[in-house]
Each structure stands twice: as structure tokens, then as C-alpha cells.
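Visitor: Next comes the sequence, and after it the predicted model I'd like to discuss.
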Amino acid sequence: MLVALLLALASVVAIVVYLDRISRQQYVGRIIARVARETLSLIDELPYGGRVGMRLGDPVPSPDLAAIGNPLVMPAPEDGWVQQISRRAVIASTPPGSVVRLETRVGAFLVRGTPLVTVWPSPPNPDRVARTIDDAVIVGPARTMQQDIDFGLRQLNDVALRALSPAVNDPTTATEVVLRLGSVMRPLLLAELPAQSTRDPAGRILLTPYDLDHVEYVSHAFDQLRLYAAGHPHVVLALVRTLRMLRDGCQTAGQRSEVIAALDRQIELTLSGCARAGIPPEDLARIEAAAA
């Protein structure tokens, strides 16, 4: 009886501790920090790493595809989200001297039957190549953080957009998301991204034109957020200061003119959105001063 009572007491204590841990893990600040941490772990591997993709060869100019010959277009075998792509396996499946173009990217949604990979010229053993490429492109029912940096930006945006909705009206959480986006975007904008045209030692060229560049990352991080934040001066102020911080970092690093122009455009659109949202003149003046 004594042992049974002690075990019952231990069970009650374990349940209380478990529920306390679950409640702490569901705190929105911890969720935001966890998403940012997972995204930063992928960014730290750029341009090449065990998860984001291994180096295949040297960057080369994109070839004239019209002069190569008739291509082989391999369709997507199923619907779903592209979770992982092994670029090395994709290009190794084709004969030497081939040109391979990925018609998708990690984080994109595939529709069954649409182009997945195009190979120039058409290989002599298309069935074997198709099987190898199907194994190299992993498609699933949901996006994951295995290789998808953009999915981290999407999750952070989702938290901020829900916080700014009239049903929730939580600008404090939205401001925290903006600050976390700044901590994620700074190393991302300063990192080197994998080349979109690469030639391996066997002379095969891999084209990845649908991979996101720095300008597209800026758009994905801030386009929706600035629209929904326009009526919240506190959130907009944090957003403008974050954009200025990113701009200053890119300007210091140099050779980021396109990214700086994209950040300037985000600041401009943010200010125009605030003016249309009817923010009081005093608050608008503070935001404009921070932007300048």
C-alpha cells in the first residue's frame, strides 16, 4: 500500500510537471524564438552545407539551350510540397555533358504532371534517369524546415499576421516577430547563395532558376507584414528601424546594390501605407524620421 501511494503521488507530480512544461513551450515568444533559431541554423550553412546542398562545381554562365537539342521533360510524379532536393543526385543521374534544369525549388508546391526536371539533350536511358531524379526530389504533404529557409520566414509572418488581426489585436507579438525577422534576415542578406548555374567536373551543368535570391527573400519577409502593420505605429516603427538596420548592413558589406534598392522600396511602401492608413501626423512624423 505504501509503494502504491508513493507511485500515485509520483504520477501526480509528473503530470503537473509535464503540463507546466507544455504550457511554457506553447508561449508564443518561445515559438517565435524556436522558428528563428531553426532558420538561422540553415542560414549558417550557406552557401553549401550538409542540409542546404553540397557544392557541385564552379559557377558558369547559363548556356544557350536552343542550340543543344531536343530536351527530355520529366513530370512530377505526385502532388505535394518539395521538402528536400539532392542536387548532386539530380545531376549525377544524367550523362556527362548534359544540361539539367530544375523546374522547382525547395518549398514550392508541385502539381502532378507538371515539369519537374528538363534535361538537354534527351538521355539514351530516360527511365533510369527519371527513377533517380524521383528519388532525389522528396515531396511530402507539408513544408518542413529540413532545407527550406523560406519556410522559416513564412512561419514568422504567419504569427505576426495573426497577431495583427482584429480578432487578436496583439501588436506586441507582431513587434517581436519584426525584431526576430531582423535577426534572421541580416545574416541571410550577407550570406552568399548557391549559384544558379553550376558545372560539375564531368561537364554537366545544373540550372536552378527558381531558387530564391536575396531580393525575393526581402519580398517574402516583409511584403505582407508591412500591409497589415500599416495601422499600428508601434509595429511600423520597429519595421522601419529593422529595414534601416538591414540596409546599413548591406551597405557596409558592399556589392549589394539590388538588395539595398529592395530594402529602400520596402521602406517607401511602408511609409505610403501608413499615410493611407490614417496614422496621426505626430506618429507619422516619428516613422518618417526613423526611415530617414
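Guide: Right, received. Where do you want to start? Quantities reported herein were computed from a predicted structural model and do not represent experimental measurements.

Visitor: Now do stretch 54-65: distance from first to last residue.
Guide: One end of stretch 54-65 to the other measures 25 Å (CA to CA, to the nearest Å).

Visitor: neighbouring contacts of the helix or strand that contains Ala221?
Guide: Taking DSSP states H and E as the definition, Ala221 sits inside helix 214-229. In this structure, residues lying in contact with helix 214-229 by CB atoms under 8 Å, 6 or more residues apart in numbering are 149-150, 153-154, 157, 160-161, 164-165, 174, 177-178, 181, 184-185, 188-189, 193, 212, 235-236, 239, 243, 256, 258-259, 262-263, 266, 269-270, 273. Placement of C-beta: from N, CA and C, glycine included.

Visitor: Now it: buried residues?
Guide: In terms of neighbour count (16 or more other CB atoms under 10 Å), helix 214-229 has its buried residues at 214, 217-218, 220-222, 224-226, 228-229.

Visitor: State the pair within those residues that is farthest apart.
Guide: Using CB to CB, those span at most 23.3 Å, a distance reached by His214 and Tyr228.

Visitor: re earlier: in helices, which of the contacts of helix 214-229 fall?
Guide: Those of these mapping onto helices are 149-150, 153-154, 157, 160-161, 164, 174, 177-178, 181, 184-185, 188-189, 235-236, 239, 243, 258-259, 262-263, 266, 269-270, 273, per DSSP state H.

Visitor: which among those end up buried?
Guide: Among those, those buried by neighbour count (16+ other CB under 10 Å) are 149-150, 153-154, 157, 160-161, 164, 174, 177-178, 181, 184-185, 188-189, 235-236, 239, 243, 259, 262-263, 266, 270, 273.

Visitor: one step back: can you put the buried residues of helix 214-229 in TSV and add distance to Val117 and pLDDT?
Guide: Listed next are the buried residues of helix 214-229 as TSV, based on distance: CB to CB, whole Å; pLDDT from 0 to 100:
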residue	distance to Val117	pLDDT
His214	25	97
Tyr217	24	98
Val218	28	98
His220	24	97
Ala221	29	97
Phe222	32	97
Gln224	31	96
Leu225	34	95
Arg226	36	95
Tyr228	37	94
Ala229	40	95
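
Visitor: Ile43: which of those is nearest?
Guide: Looking across those and measuring by CB to CB, the closest to Ile43 is Tyr217, at 10.1 Å.

Visitor: Make sure I have this right: Met74 is in a strand.
Guide: Yes - assessed by DSSP: H, G, I helix; E, B strand; the rest coil, Met74 belongs to a strand.
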